[in-house]
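A.B. asks: Whatever this is, show me its structure:
(2 chains, ligands or ions: 2)
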Number of protein chains: 2
Amino acid sequence: LEKVKPRKARWSVRASEVSKKTFNPIRALVDSMKLEPNPNKPMIALSIGDPTVFGNLPTDDEVTIAMKNAIDSGKYNGYAPAVGYQTSRDVIAKFYSCSEAPLEAKDVILTSGCSQAIELCLAVLANPGHNILVPRPGFSLYKTLALSMGIEVKLYNLLPEKSWEIDLKHLESLIDDKTACIIVNNPSNPCGSVFSKAHLKKIIAVAARQCVPILADEIYGDMVFGERKYHAMAPLSTTVPIMSCGGLAKRWLVPGWRMGWILIHDRKDIFGKEIREGLVSLSQRILGPCTIVQGALEQIIHRTPQEFYQNTISFLKSNADLCYTALSTVPGLRPVRPDGAMYLMVGIDMKSFPEFQSDVHFTERLISEQSVFCLPATCFEYPNYFRIVVTVPEDLMLEACNRIREFCEQHYQGQEGSQDLECDK
Amino acid sequence: LEKVKPRKARWSVRASEVSKKTFNPIRALVDSMKLEPNPNKPMIALSIGDPTVFGNLPTDDEVTIAMKNAIDSGKYNGYAPAVGYQTSRDVIAKFYSCSEAPLEAKDVILTSGCSQAIELCLAVLANPGHNILVPRPGFSLYKTLALSMGIEVKLYNLLPEKSWEIDLKHLESLIDDKTACIIVNNPSNPCGSVFSKAHLKKIIAVAARQCVPILADEIYGDMVFGERKYHAMAPLSTTVPIMSCGGLAKRWLVPGWRMGWILIHDRKDIFGKEIREGLVSLSQRILGPCTIVQGALEQIIHRTPQEFYQNTISFLKSNADLCYTALSTVPGLRPVRPDGAMYLMVGIDMKSFPEFQSDVHFTERLISEQSVFCLPATCFEYPNYFRIVVTVPEDLMLEACNRIREFCEQHYQGQEGSQDLECDK
Ligand SMILES: Cc1ncc(COP(=O)(O)O)c(C=O)c1O
Ligand SMILES: Cc1ncc(COP(=O)(O)O)c(C=O)c1O
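C.D. replies: Residues are numbered from 1 along each chain as shown, chains lettered A, B, ... in the order given. Ligands and ions are numbered 1, 2, ... in the order given. Here you go, the predicted model:
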């Protein structure tokens, strides 16, 4: 009847290229791993970067009270501006502002978790065909996001023997005229490392010399142990424009709430209006984070007692020390002492474990024999290591370390008496 | 010292193409409008699709209690799976499941608002160079998202004289071998129209004949007036695969909470594993909505009393009737009676208002003279109309209608006695 040219004789709906390029290496690897624990030992998962899973690290009461107050006020049910309420952005601006790197509400964009903060920064800074510099080992989301946007990823090396400092020459050698930004993650997932002021200044010097902006992933900011001091990057830079990404997830122990932010530091007006407007446009696609959490921000930031932060850090430090100490004397392992965040990387002397082909194989067998689950660092582009999350209760931490020792002792085939292990990476 | 080739002699950081292509027409138009109200009359904004702004439409107490319970439980602070908690997805699946279109948790993806639901659907279905079919007039986000992804937008006509039914021949004529999906928005923003079962079946027949999936934006689902019945699309289709997007924003009056969902209806397995996996991959980029709202979903869905929904609808209907009746006798205007949602479109007989060049000009002057702010329908690709939001308190609705009448009477230059207006569009 109608002269309509049919589109297709039959159905064929294919998933887009973007969805196929959106690849989560941790998910893919973990899904492909054999995860059959030893039925005689209860599973201890040291694999998940979620401090809330064991129930031993609740957020502070002031944080939950702030949320309930925000709900009761009835003021935070409507749409907020896409970049967040002005008052909430003001709270974050004041909290992170300092004389060397002042911030105002206009410099803050609230996002759905630090993940969306990173996504927006990459989306505004890079075109397809551009590249970004990403730490190896490093958090896998950078690559997942970049590749899904058609942005190339260049991995710069971190040096385990230098407490995971950046190999600055390597970093600088990778920069070319298509480099859109350098991602610096400090304190680090998966390393638990914390950069010194001097090292941070050297990184900034590279960026300044090469005229490349920095994306500072500072989601673990201030989560540093003992005498160590945390330095945000922005106050150390006078020229290099920096986007600092952060959020409530780690320091306030509420990762599910999806509250993140971008702090725009641009004292020489290099990002300028264009980048700021680009970020605003991009934020309008799906709008910002949940308004209840936005409404609660002021009280969360102002009323969370100092001792809450301190308690979290003491607990993490004590567990990290315990784990580091226990594993330092295990044959064939070389843990790297962490200074912050919630992780610890452990090198495997693969030559001493000829049974295992890889860190993936090693960690699989650790599950099937000892029911201890650690992520193989292949997830972080760093084979022959594995990552331990130190947020578990102390008794489980100890028990896990004992089981790892037993496992290694059973499989170790290194030279007699040689405890002075060199990692083959 | 170092033989490093500098990248650039000086700084040059430009915003990406994607950020420049991400264009919000409402924002752009409103920002360029003269918005100087008459100082002698308080402003009445009938422009914002946020039912919470006037405070007369609070959410139900059960909804806020559900949130506080979720907070107090302490169970919803950690990361949820990227697609949402299984239990929360199950609640939504059961709520929307029916025998003709059964749903399980695996068919539900929780998102950061209906906006992200639409974003994920488009991102998984279309590649750059593909096209999508979008209603005119229609919600501007479809185009904003599509263009930012390099997807072409083809506008199909809605017919005001047929209560905004789709011009089906026009719709079908636009389909080609690059058409990734048809977006159907029912009930409609900006029209307030509600499609009959018969009309929905005809739309589905076009999609079936042409083998094109449907993206049903059903965020205003069930928000229909009086005798009208709302029909979701999925139960009316046996073959066409449908992604239905919805959320808490409108029916539960909490748009700021950013809780949306995708319901995947695919009884003939046409989307198949590939599209489902694509959606899961895409959801891992920034993870799902706030876990507190996810945790509250079960109680929100099960405990919100029927009368809450009914009260909202009666209020909207009564305001819509009042506004429609008041404006039907205004010279030069032709309101189209709405059957649902929260909006009303009003045609302007531009020939009768020779002073004004466009709907934009008309609405600007309505602000400067009468302090009434309506969105010009140019925002929705539909010149010579304006949109009224009917969520304002009744007295303001009445006052706004009176002022609109006064404004039109002052500027009307139509033929004497001729109230039988034809709109010039
Ligand atoms: C280094 C790093 N950046 C960003 C994120 C993402 O944070 P969010 O959960 O706020 O999206 C994580 C989460 O583990 C992380 O480890
Ligand atoms: C038709 C339509 N779809 C989707 C949305 C977006 O909903 P949300 O606020 O849940 O992202 C809106 C908001 O106004 C809308 O009118």
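
A.B. asks: residue boundaries of the helices in chain A?
C.D. replies: Using DSSP state H, the helices of chain A run over A:17-21, A:25-32, A:61-73, A:86-96, A:113-125, A:141-148, A:168-174, A:197-210, A:272-283, A:291-303, A:306-328, A:359-370, A:394-411.

A.B. asks: Report the backbone C-alpha coordinates of the first one in PDB.
C.D. replies: Taking Å, rounded to 0.1, in the frame of the first residue of the first chain, the C-alpha atoms of helix A:17-21 are listed here in PDB:
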ATOM      1  CA  GLU A  17      31.700   0.500  18.800                       C
ATOM      2  CA  VAL A  18      31.800   2.700  21.900                       C
ATOM      3  CA  SER A  19      30.200   0.000  24.000                       C
ATOM      4  CA  LYS A  20      32.700  -2.600  22.700                       C
ATOM      5  CA  LYS A  21      35.600  -0.300  23.300                       C
END
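
A.B. asks: Is that helix positioned near chain B?
C.D. replies: Yes: judged by CB under 8 Å from any CB of the partner chain, helix A:17-21 comes into contact with chain B at A:E17, A:V18, A:S19, A:K20. (Each C-beta comes from the backbone N, C-alpha and C, glycine too.)

A.B. asks: wait, isn't A:L147 in contact with A:F23?
C.D. replies: Yes: at 6.5 Å, A:L147 counts as touching A:F23 under the criterion of CB atoms under 8 Å.

A.B. asks: anything in stretch A:167-185 near chain B?
C.D. replies: Yes: counting by CB under 8 Å from any CB, chain B has neighbours in stretch A:167-185: A:K169, A:E172, A:S173, A:I175, A:D176, A:D177, A:T179.

A.B. asks: how about those residues in CSV, adding pLDDT and distance to A:S140?
C.D. replies: Formatted as CSV, those follow (pLDDT from 0 to 100; distance: CB to CB, whole Å):
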residue, pLDDT, distance to A:S140
A:K169, 98, 25
A:E172, 98, 24
A:S173, 98, 23
A:I175, 97, 22
A:D176, 97, 24
A:D177, 96, 27
A:T179, 98, 20
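
A.B. asks: Can you tell me which of the residues you listed comes closest to ligand 1?
C.D. replies: Nearest to ligand 1 among these: A:T179, at 20.5 Å, using CB to the nearest ligand atom.

A.B. asks: got a list of what the closest one touches?
C.D. replies: A:H130, A:N131, A:I132, A:L133, A:K154, A:Q210, A:V212, B:R7 (CB atoms under 8 Å, 6 or more residues apart in numbering or on different chains).

A.B. asks: so it bridges to which residues?
C.D. replies: A:N131 (DSSP bridges).

A.B. asks: Would you mind naming what in the stretch 201-350 of chain A lies close to ligand 1?
C.D. replies: A:D217, A:I219, A:G247, A:A249, A:P255, A:G260 (CB under 6 Å from any ligand atom).

A.B. asks: Isn't the first one up against A:N185?
C.D. replies: Yes: A:D217 is within contact range of A:N185, at 4.2 Å (criterion: CB under 8 Å).

A.B. asks: Name the residues contacting each of the two.
C.D. replies: A:F139.

A.B. asks: before we move on, back to that, can I get the residues of stretch A:167-185 next to chain B in CSV including distance to ligand 2?
C.D. replies: Converted to CSV, the residues of stretch A:167-185 next to chain B look like this (distance: CB to the nearest ligand atom, whole Å):
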residue, distance to ligand 2
A:K169, 47
A:E172, 43
A:S173, 44
A:I175, 39
A:D176, 39
A:D177, 39
A:T179, 35
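
A.B. asks: Chain neighbours aside, what residue packs nearest to A:A146?
C.D. replies: A:V153 (5.0 Å; CB to CB, 6 or more residues apart in numbering or on different chains).

A.B. asks: How about the one you found: which residues does it bridge to?
C.D. replies: Where A:V153 sits in a bridge, its partners, by DSSP bridges, are A:I132.

A.B. asks: Mind listing what's buried along the helix or strand of chain A with the lowest mean pLDDT?
C.D. replies: Least confident helix or strand, chain A: helix A:25-32 with a mean of 85, by mean pLDDT, DSSP states H and E. Going by neighbour count (16 or more other CB atoms under 10 Å in any protein chain shown), the buried part of helix A:25-32 is A:I26, A:R27, A:L29, A:V30.

A.B. asks: same question, stretch A:297-307
C.D. replies: Quick answer for stretch A:297-307 (16+ other CB under 10 Å): A:L297, A:E298, A:Q299, A:I300, A:I301, A:T304.

A.B. asks: Same check on stretch A:375-395?
C.D. replies: Quick answer for stretch A:375-395 (16+ other CB under 10 Å): A:375-392.

A.B. asks: close to ligand 1, is the least confident helix or strand of chain A?
C.D. replies: No: on the criterion CB under 6 Å from any ligand atom, helix A:25-32 is out of touch with ligand 1, staying 10.2 Å away.

A.B. asks: For the stretch 1-150 of chain A, give me the ranges with low pLDDT.
C.D. replies: For the stretch 1-150 of chain A, applying pLDDT under 70 flags the ranges A:1-9.

A.B. asks: what residues are up against the residue nearest to A:R403 when sequence neighbours are not counted?
C.D. replies: Once flanking residues are discounted, A:R403 sits nearest to A:Q370: 3.9 Å by CB to CB, 6+ apart. Counting by CB under 8 Å, 6+ apart, A:Q370 makes contact with A:N38, A:K41, A:R403, A:I404, A:E406, A:F407.

A.B. asks: Return the set of residues that bridge with A:I262.
C.D. replies: Assigned bridge partners for A:I262, using DSSP bridges, are A:I109, A:C245.

A.B. asks: That one: how many residues sit nearby?
C.D. replies: 26 (other CB atoms under 10 Å in any protein chain shown).

A.B. asks: What's the local residue count around A:A341?
C.D. replies: The burial count for A:A341: 28, using other CB under 10 Å.

A.B. asks: And the pLDDT for it?
C.D. replies: On the pLDDT scale, A:A341 is placed at 98.

A.B. asks: What sits closest to the one residue in chain A that gets nearest to ligand 2 if chain neighbours are left out?
C.D. replies: As assessed by CB to the nearest ligand atom, ligand 2 sits closest to A:L287 within chain A, at 6.2 Å. Nearest residue to A:L287, sequence neighbours excluded (CB to CB, 6+ apart): A:A82, at 5.0 Å.

A.B. asks: Number of residues surrounding the one you found?
C.D. replies: By other CB under 10 Å, neighbour count at A:A82 equals 20.

A.B. asks: Return the residues in contact with it.
C.D. replies: Counting by CB under 8 Å, 6+ apart, the residues that A:A82 touches are A:V280, A:S283, A:Q284, A:L287, A:G288.

A.B. asks: Name the nearest residue to the second one, ignoring sequence neighbours.
C.D. replies: Nearest-residue entry for A:S283: A:A82, 4.3 Å, with adjacent residues in sequence omitted and distances by CB to CB, 6+ apart.

A.B. asks: Distance of that neighbour relative to ligand 1?
C.D. replies: 18 Å (CB to the nearest ligand atom, to the nearest Å).

A.B. asks: and the gap between that residue and B:P81?
C.D. replies: Look at A:A82 and B:P81: by CB to CB, to the nearest Å, they are 26 Å apart.

A.B. asks: before we move on, what about A:I48?
C.D. replies: The value you get for A:I48 to B:P81, if CB to CB is used, is 12 Å.
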